[in-house]
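**Q** Structural data only, the sequence is not supplied:
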């Protein structure tokens, strides 16, 4: 691990066992941000993984210190009020190449480090080392449940009755005139995916795309379907839908461009729309 990662590990361990000063918290946030670990789901995943991995003792010869599990989970819950992370956008054209590179970078080197270190570190340090390994060396992100969005979308269409495929209507806004693709949605499973080709890229520091699900049966206001980014250089992408509320009878799916993190109610305009009727 690099000196920066060592410093981050030390701060994570201190955070789990004794707490950090405001200055140390800011430094930890800076280090995590430098490694792209600003998503609170990363910390929640790591805390849960550390807790589950060590809950049974795992043969390391030490008891987990009282309160460590609660502190780990409290740290994760404390981050839950921050804006949701954008959905993982899967670039169909480069997915295979990225997965291959991810497997090479997450090979035996990390396993060796974790295996040798867990035997000599206490519970808190071992748990926080797992956090550091997940955050710094995590493989290509996948959606919750480990499903690949491309395969999950295809299976939803192929295997699940009631799945609808709605093509995007021709956009009215010139900048989005070249956008094509469709929305796949299964109401029983409350699962769906956007397929977008030709979507202009966005700078997530300035704005993010947000999906809205129009469902008059539920509310006069559209349901928030999650935020996502279109990185530069991507081609056709698959974006999982993350509906914030249950959907009853969706009539349309629409994308707007909003401030980072999204909004509760959008003022539009609607960039691309797929209609059920």
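**A** Received the coordinates, thanks. It should be emphasised that the depicted structure is a prediction, and the values quoted were computed from it without experimental measurement.

**Q** Give the residue spans of the stretch 51-200 of the chain that score low on pLDDT.
**A** For the stretch 51-200 of the chain, residues meeting the criterion pLDDT under 70 lie at 51-84, 94-146.

**Q** Apply 90 and report the result again.
**A** For the stretch 51-200 of the chain, the stretches flagged by pLDDT under 90 are 51-148.

**Q** quick one: the helices in the protein?
**A** Secondary structure of the chain (DSSP state H): helices at 3-17, 22-34, 40-55, 68-78, 95-105, 108-118, 123-137, 149-159.

**Q** Skipping its backbone neighbours, what lies nearest residue 235 in space?
**A** residue 93 (4.5 Å; Cβ to Cβ, 6 or more residues apart in numbering). (C-beta placed from N, C-alpha, C; glycine too.)

**Q** list the contacts for that neighbour?
**A** 234, 235, 236 (Cβ atoms under 8 Å, 6 or more residues apart in numbering).

**Q** Confirm for me that residue 232 is in contact with residue 203.
**A** No - counting by Cβ atoms under 8 Å, residue 232 does not reach residue 203; the two are 9.2 Å apart.

**Q** Domain boundaries for this structure, per the record?
**A** According to automatic domain parsing, the chain comprises the domains 3-137, 149-275.

**Q** Let's see if you can find the most crowded of the contacts of residue 93.
**A** Neighbour counts for the contacts of residue 93, by other Cβ atoms under 10 Å, peak at residue 234, which reaches 18 neighbours.

**Q** Got phi/psi on it?
**A** phi -90, psi 150 (degrees, to the nearest 10).

**Q** now it: how far from residue 220?
**A** In this view, residue 234 and residue 220 are 34 Å apart by Cβ to Cβ, to the nearest Å.

**Q** Equivalent analysis for residue 168, please.
**A** 24 Å.

**Q** ditto for residue 197
**A** Going from residue 197 to residue 220 by Cβ to Cβ gives 32 Å.

**Q** The two: who's more crowded?
**A** The neighbour comparison of residue 197 against residue 220 (other Cβ under 10 Å) goes to residue 197, with 15 against 7.
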